[in-house]
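J.: Take this sequence and fold it.
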Amino acid sequence: MAHTPPAMVFLIIFAAFILLIILARSARIVKQSEKGLILRLGKYHATAGSGLNFLAPLIDEIVKVDMREQVITVEPQKVITRDNVSVVVDAVIFYRVVDPVRAVFEVQNFALAATTLAQTNLRNLIGDKALDETLTARDAINTSLRAVLDEATNTWGVKVTRVEVQKIDPPVDITEAMSRQMKAERDKRASILESEGVRQSEILRAEGLKQAEILKAEGDAQAKLLRAEAEAKAIEMVSTAAEKFFQERAALSKQLDVLREVLPQNSKFIIPGNADLVTVLGLDHGTAPNLIPLKRGYEPPPVGGLHPKG
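T.: Numbering: from 1, shown residues only. Just a heads-up that it's a prediction; the model follows:
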């Protein structure tokens, strides 16, 4: 075996070292949250997924694109409202890449482009509103700005997910005037609520007195009705008793009239009992001489051969 010259050994080692360097540079690792765009001789060739990827030595290169949602801060700027009030406005933009190829080749600097677009549209949106509308219409401004940015960035392969206006700061003198206005409005509402409370209290007190008077009147009417019903019942009972009493006396008087008409004037007749009829009719023996009370063991004499008893 021939002896290898030292120069040849050096060349072999140098070539192996260069080959290792080339192989090392051709291996690329793409993270889970990224996409790799493989450019071959400066032209898009393929999209590499996450993990270890090997490129063609010397002719391929890779551009990594972050696919996670990202945030862009829009720096504060002065904007004039419709009623000529200067306010300072800033915002944040949330976006994510949906097409890495267009995000790389369709726009050079997406962050700068989105920030400039957001500032321009903020001036337009707030310039169309008065100060009070601007302070109370944050949600409307956010929605309008997101729609404008999303439409503009759609061709860039980027999706604007949310836009938030962080602050809308009017000048100090306007802020102080607004504070005084708010204080006066609160004082006004407090006075109104206090007056309303007094009014409601008076109404409730009057309603209570009215209800008490109504209940008292109803109680008096009920008591009078019950007394009237009791008196009517008593009168009815007295009337019934008197009617019964006079009916009995009228019947006895009628019987007596019949006897007087039927019997001769000198006839004698017997009244059962012990002179109760004479007493009931208010007669005495002087006014009723023909009434003879029947006594035990008494036999009246016959008159004209007839016995009155028969």
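
J.: May I see the buried residues of stretch 150-159?
T.: Taking 16 or more other CB atoms under 10 Å as the basis for neighbour counts, the residues of stretch 150-159 that come out buried are 152-153, 156-159. No exception for glycine: its C-beta is placed from N, CA and C like everyone else's.

J.: average pLDDT for that stretch?
T.: On average, the pLDDT along stretch 150-159 is 87.

J.: quick one: it to chain centroid distance?
T.: If you compare the mean C-alpha spot of stretch 150-159 with that of the full chain, they lie 42 Å apart, counting by CA atoms, centre = their mean, to the nearest Å.

J.: With just CA atoms, put that stretch into CSV.
T.: Taking C-alpha atoms only, stretch 150-159 is exported to CSV below (Å, rounded to 0.1, in the frame of the first residue of the first chain):
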residue,chain,number,x,y,z
ASP,A,150,-60.0,43.1,7.5
GLU,A,151,-61.2,44.0,4.1
ALA,A,152,-57.9,45.7,3.3
THR,A,153,-55.7,42.9,4.6
ASN,A,154,-57.7,40.1,3.0
THR,A,155,-55.4,40.2,-0.1
TRP,A,156,-52.4,40.0,2.2
GLY,A,157,-53.3,36.6,3.6
VAL,A,158,-53.9,38.1,7.0
LYS,A,159,-57.0,38.0,9.2
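
J.: Residues contacting it, please?
T.: 95-103, 106-107, 110, 113-114, 117, 160 (CB atoms under 8 Å, 6 or more residues apart in numbering).

J.: Hmm, residue 68 is touching residue 98, no?
T.: No. Residue 68 lies out of contact with residue 98 (CB atoms under 8 Å); the separation is 11.9 Å.

J.: packing partners for the longest helix along the chain?
T.: Longest among the helix segments of the chain by residue count, using DSSP state H, is helix 172-262. On a contact count with 3 or more CB pairs under 8 Å, 6 or more residues apart in numbering; DSSP states H and E, helix 172-262 meets helix 276-280.

J.: need the contact list for the spatially closest residue to residue 167 that is not a sequence neighbour.
T.: Taking CB to CB, 6 or more residues apart in numbering, and ignoring the residues beside it in sequence, residue 167 has residue 90 as its nearest neighbour in space, at 6.0 Å. With contacts defined as CB under 8 Å, 6+ apart, residue 90 is in contact with 73-77, 165-167.

J.: Residue 24: which of the buried residues of stretch 150-159 is nearest?
T.: Nearest to residue 24 among the buried residues of stretch 150-159: residue 157, at 31.6 Å, using CB to CB.

J.: Ramachandran coordinates for that closest one?
T.: With angles defined as degrees, to the nearest 10, residue 157 sits at phi 70, psi 30.

J.: before we move on, back to that, quick one: average pLDDT of the longest helix of the chain?
T.: Mean per-residue pLDDT for helix 172-262: 80.

J.: mind checking how far it is from the chain centre?
T.: Its chain's C-alpha centre lies 38 Å from the corresponding centre of helix 172-262 when counted by CA atoms, centre = their mean.

J.: follow-up on the earlier one: what's the most distant pair in the contacts of residue 90?
T.: Going by CB to CB, the two entries of the contacts of residue 90 that are most distant from one another are 75 and 165, at 13.1 Å.

J.: For whichever strand or helix holds residue 21, list every residue counted as buried.
T.: The secondary structure element spanning residue 21 is helix 6-26 (assigned by DSSP states H and E). For helix 6-26, a neighbour-count test (16+ other CB under 10 Å) marks residue 26 as buried.
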